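A.B. asks: structure of the sequence below:
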Amino acid sequence: MKRKGIRKEPLKFLAAAMVLSAGLLTAGCGKPNAGGPPPGPPEVAVVTVRPEQAVLITELPGRTSAYRVAEIRPQVNGIVLKRMFTEGADVKAGEVLYQIDPAPYQSALANARAALSRAEANLPALRSRVGRYKDLIPDKAVSQQDYDDAAAAVKQAEADVEVWKAAVETARINLAYTRVTAPISGRIGRSNVTEGALVTAHQPLSLATIQQLDPIYVDVPQSTADLLRLKGRLKGGRLDRNGTSQKKVQLLLEDGTPYPMEGTLQFQDVTVDPTTGSVILRVVFPNPQGVLLPGMFERAVVKEGVNRRAILIPQQSVSRDPKGNPVVLIVDAGGKVQPRMIEIDRAIGDQWLVSSGLSAGDRVIVEGLQRARPGASVKVVPFVAAKSK
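C.D. replies: Residues are numbered from 1 along each chain as shown. Here you go, the predicted model:
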């Protein structure tokens, strides 16, 4: 019995010590800054709004189309004797593409020339007869009727000469048409006929198609709503246009890489497509390497104008209210946080273009938004944007 009592006492002392330690630990955790200075206002990084010049651009989808297109069709009937070009090659204007059998047209030309020679051969004799009859009329050696008949025969012979001259010219033209030539310079596609094919004048099926690809068109549709907004900005003085530079257009290829050459805005169509509610902007791009082919989808970067008093703020400074409206927090003159509703026009790089809600001198919080509460005092430091690598 004595041994059990001796063992219980050390355990009592150990339990008391643990309770005392736990109490001290709890007291220390509950008051970490006991006796220290009170915490200061939270620190936030701000940007001061300053109007600056910004070039407003818009990206619009577009489709390429050939600068000029010529569908090759025969102008005479006949059998194709030879194709004289390589499919997919570049051809020059006037280059012979097909040779149609010229034999029938050579014969027609020879026949017309012979008929012309015959008509011209009869003309001098008839003219001489008219001259003799004219001298004999005063002596009543020939009748007036004989003279009139001879004069009419001369005129008829002269008309026959003109008819056969026209026939010779027609036959010559038809013979020339047996050599089907390229009307424009460009790249020719596949041939729709082969040697031995029978072709007819002005047939629906073209023999081949030539497309001029340098330069090349990019047709870009722009909605009429965007067009009206742009006109409103120009009229309101919020946007300036510098004629020469505004006509320069950049192009992004289908894979997102920029096209190395700038294009020129040629014209804006005056007809609205009723199915899409848009007008076509036609841009001309140089294409010496043949990178752009007809029918490709690209994105054109069109310059709308220059806003000389644009207000730009970092995108990370803008949050949204429960209704989705953009909101920023600003620091007022007293160093307190105030919410501000704004309207956003568009994104320019990593910044928002603000159309209303902010003015020059406003300090917009960019970093430290989690620590900033409306109405609370904050410590302001300038925001330093991270440098892009």
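
A.B. asks: now do the helices in this protein.
C.D. replies: Counting by DSSP state H, the segments of the chain that form helices are 2-30, 103-136, 144-177, 224-235, 243-246.

A.B. asks: just the buried residues of the second one, please?
C.D. replies: If you call a residue buried by 16 or more other CB atoms under 10 Å, then helix 103-136 has these buried ones: 104-105, 108-109, 112-113, 115-116, 119, 123, 126, 129-130, 133. To be clear about C-beta, it is placed using only N, CA and C from the backbone, and glycine gets the same treatment.

A.B. asks: what's the nearest residue to Ala153 once chain neighbours are set aside in contact with, if anything?
C.D. replies: Residue nearest to Ala153 in three dimensions, not counting chain neighbours: Leu126, with 5.1 Å by CB to CB, 6 or more residues apart in numbering. The contact partners of Leu126, taken as CB atoms under 8 Å, 6 or more residues apart in numbering, are Ala150, Ala153, Val154, Ala157.

A.B. asks: include pLDDT when you put those residues into a markdown table, please.
C.D. replies: Listed next are those as a markdown table, based on pLDDT from 0 to 100:
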| residue | pLDDT |
| --- | --- |
| Ala150 | 86 |
| Ala153 | 88 |
| Val154 | 88 |
| Ala157 | 89 |
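
A.B. asks: would you reformat the residues you listed as JSON lines and include distance to Asn77 and neighbour count?
C.D. replies: As requested, the contacts of Leu126 are arranged in JSON lines below (distance: CB to CB, whole Å; neighbours: other CB atoms under 10 Å):
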{"residue": "Ala150", "distance to Asn77": "43", "neighbour count": "19"}
{"residue": "Ala153", "distance to Asn77": "38", "neighbour count": "17"}
{"residue": "Val154", "distance to Asn77": "38", "neighbour count": "19"}
{"residue": "Ala157", "distance to Asn77": "33", "neighbour count": "18"}
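
A.B. asks: which of these sit farthest apart?
C.D. replies: Taking CB to CB as the measure, the contacts of Leu126 span a maximum distance of 10.7 Å, between Ala150 and Ala157.

A.B. asks: quick revisit: CSV please, covering the contacts of Leu126 and showing distance to Asp350.
C.D. replies: Shown next, in CSV, are the contacts of Leu126 (distance: CB to CB, whole Å):
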residue, distance to Asp350
Ala150, 99
Ala153, 95
Val154, 92
Ala157, 90
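
A.B. asks: how about the strands in the stretch 201-350 of the chain?
C.D. replies: 208-223, 248-252, 263-268, 278-285, 297-314, 319-320, 326-331, 337-341, 343-348 (DSSP state E, counting those that start in this stretch).

A.B. asks: quick one: mean pLDDT over stretch 72-92.
C.D. replies: For stretch 72-92, mean pLDDT rounds to 95.

A.B. asks: show me the contact partners of it.
C.D. replies: Residues outside stretch 72-92 that contact it (CB under 8 Å, 6+ apart): 95-102, 104-105, 174, 177-178, 180, 182-183, 185-191, 193-203, 206-210.

A.B. asks: which of those residues are buried?
C.D. replies: The buried subset of these - by 16+ other CB under 10 Å - is 97-102, 104-105, 174, 177-178, 180, 182, 185-188, 191, 193, 199, 206-210.

A.B. asks: so what's Glu195 up against?
C.D. replies: Counted by CB under 8 Å, 6+ apart, Glu195 has contacts Val80, Leu81, Lys82, Arg83.

A.B. asks: for this structure, what are the low-confidence residue spans?
C.D. replies: Applying pLDDT under 70 to the chain flags the ranges 1-38, 230-246, 386-389.
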